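Enquirer: I would like the atomic coordinates for the input below:
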Amino acid sequence: MATTSPVHSTGSPRRRSLRGRALFTGAVATVAAFAAVLVATPDANAASTLGAAAAQSGRYFGTAIAASRLGDGTYSSIAAREFNMITAENEMKPDATEPQRGQFNFSSGDQIYNWATQRGLKVRGHTLAWHAQQPSWWGGLSGSSLRQAMIDHINGVMAHYKGKLAAWDVVNEAFNEDGSRRGSNLQGTGNDWIEVAFRTARAADPSVKLCYNDYNIENWSYGKTQGVYNMIRDFKSRGVPIDCVGLQTHFTGGSSLPGNFQTTLQNFAALGVDVALTEVDVTNSSTSQYAGLTQACLNVPRCIGITVWGVRDSDSWRSSENPLLFDGGGNKKAAYTSVLNALNSAGPGPSSPAPSGSSGGPSPSTSVPTGNGNRLLGAQSGRCIDVPSASQNNGTRVQLYDCNGQTNQQWTLTSSRQLTVYGNRCLDAAGSGNGSAVQIYSCNGQANQQWNVNSNGTITGVQSGRCLDVWGTGNGQQVQIYDCNGQANQRFSLS
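Expert: The predicted model follows:
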């Protein structure tokens, strides 16, 4: 748990009992919707590691690290190669960082921080206030004394890491399954303890993202999810400093990917916070569930990243369920490929489903302007299809960007239905499936470089029959192909 920390450090005394989990029934239709990701064939220029693939859409893909395992060459080499965000599994928790009152110990936390930053990896802090893994001396405190101990702990730890971390899980697992507050000793200090923790954290470090983290909040209709949502909504309405919500995403021990997972992410994000999947593991490494949770994150612009809770199955707190992306020998599993393909092919994510009553396929237009200097202008965004940095390199993925009239935004529709830029590069689909990247490539006359510019404003690939599509309207949103639905994010004018 990014905090509930699935804690299974070999040789570590900091273990916690397995908690009960609500059984979420994953919707078959949702899993089926991601099936294409499992068989997607990445293009030749696709990223070959999880972190690099996630970075293409401005996200991270991270893992939890145990300091005691960094001496394991296989473990550390996989972690350094594959991930671009690191969370300390246990080493930054309250019992580890302040074993005696006022006496802080950052040796293990710093070991992980230094290992990560020396390799160019970012670090998330986990966690500052939690009902579990508390220092033993907290057990003798209550009321205002415990409240002050929490405040002092937050100030002490955050002062040490000020300006160094990407985010902190300020509070972890403060809710019951029914959406009420957990009856912890911290809750006993007063119902405002979570607010106090966040206000203290913001004063201690104005620059770091402050997150609330919990498990079993993936299903939108579940009581616990609603309880957390209502707290975040209240905090945002009153100006309580909170930047993100971490959904631990432990689909283990009887839980599974709910059909409304993306809805949950979208609804939290709509409150004005980022969302992140912070402690992912999945029973038997289900490829469909791993692909599904990854795609759900990609489909939500404010889903900033995914962290798996451990490197290899043997490192997992639930190792008997084989829930991670690498087996005990460090070999990539099928689930790894499903995640990598999703990260590489989905880009900013697929478009929304077609509205009821929408018409069938588009019809090609016979009156499209040809010649030089035409813009491809997005109807929804008002931005142009653009080749980043005016690159002429094969495989450069096109994006939306403010129209500027430069040559990297000037497209010519030829009589052979190619859309050319610079005179010798063609708009090219890197595949034919949903989410396939749209890029530039040397013109070759193949069907994946031929396009129908249609009377309804869509542009469809001759090979795939799918529409040019963007997920989002901002500068830098990448272009892909996806099933045509007639919505504004699939309409472009060539003018």
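Enquirer: Grab the longest helix from the protein for me.
Expert: Counting by DSSP state H, the longest helix found in the chain is helix 143-160.
Enquirer: What separation is there between N155 and E91?
Expert: 19 Å (CB to CB, to the nearest Å). For the C-beta atoms, the positions are set from N, CA and C on the backbone; glycine is no exception.
Enquirer: Same check on Q380?
Expert: 45 Å.
Enquirer: Those two - which one has more neighbours?
Expert: Remark: of Q380 and E91, E91 carries more neighbours, 25 against 15, as counted by other CB atoms under 10 Å.
Enquirer: pretty sure the more buried one contacts G109?
Expert: Yes - using CB atoms under 8 Å, E91 is in contact with G109, at 4.4 Å.
Enquirer: can you map out the helices along the stretch 201-350 of the chain?
Expert: For the stretch 201-350 of the chain, the helices defined by DSSP state H, counting those that start in this stretch cover 223-238, 261-269, 287-298, 334-346.
Enquirer: Could you tell me the least trusted of the ones you listed?
Expert: For the helices of the stretch 201-350 of the chain, mean pLDDT drops lowest on helix 334-346, to a mean of 92.
Enquirer: What are the buried residues along it?
Expert: A335, Y336, T337, S338, V339, L340, N341, A342, L343, N344, S345, A346 (16 or more other CB atoms under 10 Å).
Enquirer: chain center to that helix, what's the gap?
Expert: 13 Å (CA atoms, centre = their mean, to the nearest Å).
Enquirer: and it, what does it pack onto?
Expert: On a contact count with 3 or more CB pairs under 8 Å, 6 or more residues apart in numbering; DSSP states H and E, helix 334-346 meets helix 35-39, helix 50-55, helix 287-298.
Enquirer: got the CA positions of the second one in CSV?
Expert: The C-alpha atoms that make up helix 50-55 are tabulated as CSV, following Å, rounded to 0.1, in the frame of the first residue of the first chain:
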residue,chain,number,x,y,z
LEU,A,50,7.6,0.7,-18.5
GLY,A,51,8.9,4.0,-17.3
ALA,A,52,9.9,5.2,-20.8
ALA,A,53,6.6,4.1,-22.2
ALA,A,54,4.6,6.0,-19.5
ALA,A,55,6.7,9.1,-20.0
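Enquirer: what sits up against it?
Expert: Here helix 50-55 makes contact (CB atoms under 8 Å, 6 or more residues apart in numbering) with 46-47, 60-62, 82-85, 121, 305-306, 325, 336, 339-340, 343-344.
Enquirer: Go again with 6 Å.
Expert: Helix 50-55 is contacted from outside by A47, Y60, F61, E82, F83, N84, L340, L343, N344, using CB atoms under 6 Å, 6 or more residues apart in numbering.
Enquirer: Dump these into a markdown table; add distance to Q439 as well.
Expert: As requested, the contacts of helix 50-55 are arranged in a markdown table below (distance: CB to CB, whole Å):
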| residue | distance to Q439 |
| --- | --- |
| A47 | 14 |
| Y60 | 23 |
| F61 | 22 |
| E82 | 24 |
| F83 | 26 |
| N84 | 23 |
| L340 | 18 |
| L343 | 16 |
| N344 | 12 |
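Enquirer: Can you tell me which of those residues is nearest S416?
Expert: The nearest member of the contacts of helix 50-55 to S416, counting by CB to CB, is N344 at 29.0 Å.
Enquirer: give me the number of residues near S48?
Expert: 11.
Enquirer: nope, R312 is what I was after
Expert: 24.
Enquirer: if we can go back for a sec, now tabulate the helices and strands packed on helix 334-346 in TSV and tack on distance to G223 and mean neighbour count.
Expert: Below are the helices and strands packed on helix 334-346 laid out as TSV (distance: least, CB to CB, whole Å; neighbours: other CB atoms under 10 Å):
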stretch	distance to G223	mean neighbour count
helix 35-39	31	18
helix 50-55	32	23
helix 287-298	21	27
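Enquirer: closest to N404 out of those helices?
Expert: Across the helices and strands packed on helix 334-346, N404 has its closest neighbour in helix 50-55 (25.5 Å, CB to CB).
Enquirer: Need the residue closest to the centroid of the chain.
Expert: The centre of the chain sits closest to G305, judged by CA atoms, centre = their mean, with a distance of 2.7 Å.
Enquirer: contact partners of stretch 318-335?
Expert: In contact with stretch 318-335 (CB under 6 Å, 6+ apart) are residues 74, 78, 252, 281-285, 287, 290, 308, 310, 312-314, 316, 336.
Enquirer: Name the residues of that stretch that are buried.
Expert: Counting neighbours by 16+ other CB under 10 Å, stretch 318-335 gives R318, S319, E321, N322, P323, L324, L325, F326, G330, K333, A335 as buried.
Enquirer: Please report the distance of the first one from L324.
Expert: R318 sits 9 Å away from L324, taking CB to CB as the criterion.
Enquirer: if I've got this straight, A80 is in a strand?
Expert: No - looking at A80 with DSSP: H, G, I helix; E, B strand; the rest coil, it is helix, so not inside a strand.
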